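Enquirer: build the 3D model from these lines:
(one chain, ligands or ions: 1)
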Amino acid sequence: MSNIGSYEHHLEDFDSEIAKRELDWKEGELLNIGHMCSDRICQRGHGDRTALIWEGFGDKSARYTFNDLRVLSNGFAKFIRDDLGVGVGERVCIFMDKIPSLYLSFVGVLKAGAVAQPLFSAFGDESLEVRLKSAGTTAILTTQKHVKKVRKILDRLPDLRHVVVVEGNPDKLKEAERFFDVEAAPRVEEFDSFRADPESRSVIHYTSGTTGQPKGAQHVHNSIWSQALTAKWVLDLKEDDVYWCTADPGWVTGTSYGIIGPWALGVTQAVLDSGFIAARWYRFLQDHKVTVWYSAPTAIRSLMREGEEVVREHDLSALRHLASVGEPLNAEAVIWSEKVFDGKAFHDTFWQTETGSMMICNYPGMPIKPGSMGKPFPGITGAVLDLKTHEPVTEPGKVGLIAFRPGWPAMFRIYWNQEDVYRSKFVGQTDGRTPDELRTADDLWYVSGDRASIDKDGYYWFVGRDDDVINTGGHLVGPFEIESALIEHEAIAEAAAVGKPDPVNMEVVKAIVTLNPGYEPSGDLELSIMNFIRKTLSPLAMPQEIEFKDKLPKTRSGKILRRYLRALEWGEDVGDLSTLEED
Ligand code: WT7
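Expert: Reported below is the predicted structural model:
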């Protein structure tokens, strides 16, 4: 029997206290995500249960019980609060590979009452700088492997008071840097965790938009209710599961469902910190008898490419539930997974950094229509809004904007220092309302920035983004970031970045540029541009191709028509150019 039982039944009986009842949480108990993911599990008699099974490159491996997680996260919390003197609400960046200290420090930062700001370790120094500057981050936890990037930008970050290295050789540190190896530090049995208010800030995740620099989506401790309930009902997590979320906590999937949701339920998580190799992934599933697996379409398509033979070489009989997020999960991938994983199909889920928890899902027990994202989670009012009038579409199959009534616990509270951009995500009467009033209004819609249609049975079908953001392998890349990097190059006059089709990553970045007088297109120039932007951009945002053009199509007011360029790449009908020309 699945945890959710009947989806239809919960549509009827859902109320805002249901998550607390499911977690057996009583008013007056401490609300703090860090505490609830560790101490509370121990208090309930599960201290000896494995919290984390970890494997890294080579043969490195480690295992932690919930009691280990409790005392080691206490160690981080005490260090952050007492030794560094980081105050409540200050941002602490966690910048490291998927090593155990990432998970332990994340829980510790929250216990200390600081805001966790996890960033993907592959970010280069400029990607890092933009995000640390924006958040006014005061401390960064990193490793010897990545600290060089922090050193490069330190002078430009006046708020960044503490650089802490949690793994490596302490003798290699610079003077102002601190070393803190949680394994070598004394185990801290008692720590008085920050008594969070439901609205106390917890995690900040940066996400890319069409314009401007990445935006910091701010979350709060109250998010745990949405995250734990969706982990229970959608991922179907049960106490004896071994669960693997393949996402990096630099992205929201890796925190909402790679840390918070599952640990709030006391579930064992497995983490593999190594690149993508199909046989390695299957061996990991086999060796740890993974039962529930949450991954992403690009990974699934990469596995498909490796074929069925390698699947059959492994014993994956422990697997019982599969789910996916991040980009469109094509019907072929669903059908393939059902065939090779013995009747178990990947269940697509749709959500965003901003939503903090799953919004539209396929549920255990509910028939999957391959290619569909499923239906809104109980308690969530979803709709597809007419592209022009912004009224909910009632006609099955008609394409509109995916929107939700605001106010679920895990919804982001603000874009850090960008209230106007936050405000622009709502449609309806927004004037004169505070950010909190927007979030709790029952007459407004939060608009996701994606297009979809709803069929006669209420299933949602993804159509595409409503903006120019490129989703490559599940990672959102803002064209503005790429274009800004490109036009810094002396040869480039103008630049546009668009997605072009790719069989595995769904789309990859393509740059289209015009050159300054005196420059001619050539292979050498392309190489020089690539090398130049590689210094600025994260590997994920790097264009696969640069096309040289004499001029770029523009609107009447001079904005580059990315949508037109994108349509050309996709072989789509570009339609009437005059409508594209409107701003
Ligand atoms: C964007 C959000 C939240 C998890 C990871 C991404 C796209 C997400 C799906 C899906 C088609 C999807 C949307 C969305 N997306 N899930 N199941 N089918 N597209 O978080 O980086 O904030 O990206 O990813 O475009 O808006 P994110």
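Enquirer: can you give me the neighbour number for the residue of the stretch 301-450 of the chain at minimum distance from the ligand?
Expert: Using CB to the nearest ligand atom, the closest approach of the stretch 301-450 of the chain to the ligand is made by residue 353 at 3.3 Å. C-beta coordinates here come from the backbone N, C-alpha and C atoms, glycine included. One way to gauge burial is a neighbour count; for residue 353, by other CB atoms under 10 Å, it gives 22.
Enquirer: now swap in residue 493 and tell me
Expert: A total of 14 residues lie near residue 493 under the criterion other CB under 10 Å.
Enquirer: my read is it is in a strand, agree?
Expert: Yes: secondary structure assignment places residue 493 in a strand (DSSP: H, G, I helix; E, B strand; the rest coil).
Enquirer: re the thing from before, next one, pLDDT for the residue of the stretch 301-450 of the chain closest to the ligand please.
Expert: pLDDT recorded at residue 353 is 97.
Enquirer: what about the nearest residue to residue 183 once chain neighbours are set aside, distance to residue 143?
Expert: Closest residue to residue 183 apart from its sequence neighbours, by CB to CB, 6 or more residues apart in numbering: residue 72 at 7.6 Å. Residue 72 sits at a distance of 16 Å from residue 143 (criterion: CB to CB, to the nearest Å).
Enquirer: which one of these two has more residues nearby?
Expert: The neighbour comparison of residue 72 against residue 143 (other CB under 10 Å) goes to residue 72, with 25 against 18.
Enquirer: outside of the strand or helix carrying the more buried one, which residues touch it?
Expert: For residue 72, the host element (DSSP states H and E) is helix 66-78. Among residues not part of helix 66-78, those counted as contacts by CB atoms under 8 Å, 6 or more residues apart in numbering are 34, 37-39, 41-42, 46-52, 64, 103-105, 107-109, 111-112, 180, 182-183, 185-191, 193, 263, 266.
Enquirer: thinking again about what came up before, touching, the residue of the stretch 301-450 of the chain closest to the ligand and residue 205? I think so.
Expert: Yes: in terms of CB atoms under 8 Å, residue 353 counts as a neighbour of residue 205; the distance is 5.0 Å.
Enquirer: what is the end-to-end distance of stretch 79-98?
Expert: Using CA to CA, to the nearest Å, the end-to-end distance of stretch 79-98 comes out at 21 Å.
Enquirer: buried residues in that stretch?
Expert: Taking 16 or more other CB atoms under 10 Å as the basis for neighbour counts, the residues of stretch 79-98 that come out buried are 79-81, 84, 86, 90-98.
Enquirer: what do you get for stretch 239-258?
Expert: So stretch 239-258, judged by 16+ other CB under 10 Å, has buried residues 241-258.
Enquirer: which of the residues you listed come close to the ligand?
Expert: Checking the buried residues of stretch 239-258 against the ligand by CB under 6 Å from any ligand atom, the ones in range are 251-253.
Enquirer: tell me which parts of the stretch 51-200 of the chain are close to the ligand?
Expert: That would be none, as no residue of the stretch 51-200 of the chain is within reach of the ligand (CB under 6 Å from any ligand atom).
Enquirer: what bits of the protein have low per-residue confidence?
Expert: 575-583 (pLDDT under 70).
Enquirer: so what's residue 290 up against?
Expert: Residues near residue 290 by CB under 8 Å, 6+ apart: 242-244, 270, 284, 318-319.
Enquirer: mind redoing it with 6 Å?
Expert: Contact partners of residue 290, counting by CB atoms under 6 Å, 6 or more residues apart in numbering, are 242, 244, 270.
Enquirer: any idea how far residue 171 is from residue 326?
Expert: Distance of residue 326 to residue 171, given as CB to CB: 41 Å.
Enquirer: so between these two, which is more surrounded?
Expert: Relative neighbour count places residue 326 above the other of residue 326 and residue 171, with 25 against 6, counting by other CB under 10 Å.
Enquirer: my guess is the more buried one meets residue 474, correct?
Expert: Yes: at 3.2 Å, residue 326 counts as touching residue 474 under the criterion of CB atoms under 6 Å.
Enquirer: which neighbours do these two have in common?
Expert: Taking CB under 6 Å, 6+ apart as the criterion, residue 326 and residue 474 both touch residue 296.
Enquirer: around the ligand, pick out the residues from this structure.
Expert: With CB under 6 Å from any ligand atom as the criterion, the chain meets the ligand at residues 207, 251-253, 325-329, 348-353, 373, 448-450, 462, 465, 471, 476.
Enquirer: now do the residue lying closest to residue 170 once chain neighbours are set aside against residue 162, distance only.
Expert: Take residue 170 and drop its neighbours on the chain: the residue closest to it by CB to CB, 6+ apart is residue 179, 4.1 Å away. In this view, residue 179 and residue 162 are 12 Å apart by CB to CB.
Enquirer: and for residue 446?
Expert: Taken as CB to CB, the spacing of residue 446 relative to residue 162 amounts to 36 Å.
Enquirer: ditto for residue 297
Expert: Taken as CB to CB, the span from residue 297 to residue 162 is 38 Å.
Enquirer: what residues sit buried inside stretch 489-504?
Expert: Those buried within stretch 489-504 under the rule 16+ other CB under 10 Å are 489, 491-492, 494-500, 502.
Enquirer: got it, and stretch 354-366?
Expert: Within stretch 354-366, the residues that qualify as buried are 354-364, 366, counting by 16+ other CB under 10 Å.
Enquirer: quick one: distance of it to the chain centre.
Expert: On the basis of CA atoms, centre = their mean, to the nearest Å, the separation between the geometric centre of stretch 354-366 and that of its chain is 14 Å.
Enquirer: for residue 526, which non-adjacent residue is spatially closest?
Expert: On the basis of CB to CB, 6+ apart, the spatially nearest residue to residue 526 that is not a chain neighbour turns out to be residue 546, at 5.0 Å.
Enquirer: which helix or strand lies directly C-terminal to the strand or helix carrying the one you found?
Expert: Take DSSP H and E as the rule and residue 546 turns out to sit in strand 545-548. Counting by DSSP H and E, the element after strand 545-548 in chain order, helix or strand, is helix 562-569.
Enquirer: and that next one, what does it pack onto?
Expert: Under the contact definition 3 or more CB pairs under 6 Å, 6 or more residues apart in numbering; DSSP states H and E, helix 562-569 sits against strand 492-502.
Enquirer: could you look up the SS state of residue 116?
Expert: At residue 116 the chain is in strand, as set by three-state DSSP.
Enquirer: distance of it relative to the ligand?
Expert: Taking CB to the nearest ligand atom, to the nearest Å as the measure, residue 116 and the ligand are separated by 17 Å.
Enquirer: contacting residues around that residue?
Expert: Contact criterion CB under 6 Å, 6+ apart gives 106, 109-110, 203 as the residues in contact with residue 116.
Enquirer: let's see that with 8 Å instead.
Expert: When contacts are counted by CB under 8 Å, 6+ apart, residue 116 is found next to 92, 94, 106, 109-110, 202-204, 255.
Enquirer: swap in residue 481?
Expert: Under the criterion of CB under 8 Å, 6+ apart, the contact partners of residue 481 comprise 208, 213-214, 537, 541.
Enquirer: and these, which is closest to the ligand?
Expert: Closest to the ligand out of those is residue 208 (7.7 Å), distances taken as CB to the nearest ligand atom.
Enquirer: any idea how far the closest one is from residue 341?
Expert: If you measure residue 208 against residue 341 using CB to CB, the figure is 33 Å.
Enquirer: and residue 267, how many neighbours does it have?
Expert: 25.
Enquirer: isn't it right next to residue 239, touching?
Expert: Yes: in this structure, residue 267 is within contact of residue 239 by CB under 8 Å, at 6.8 Å.
Enquirer: those strands in the stretch 101-250 of the chain, which residues are they?
Expert: 115-118, 139-142, 162-165, 178-179, 201-207, 215-220, 242-245 (DSSP state E, counting those that start in this stretch).
Enquirer: contact partners of the fourth one?
Expert: What it means is strand 178-179. 83-84, 162-166, 170, 173.
Enquirer: tabulate those (CSV), appending distance to residue 386.
Expert: Formatted as CSV, the contacts of strand 178-179 follow (distance: CB to CB, whole Å):
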residue, distance to residue 386
83, 56
84, 51
162, 50
163, 51
164, 51
165, 53
166, 51
170, 60
173, 58
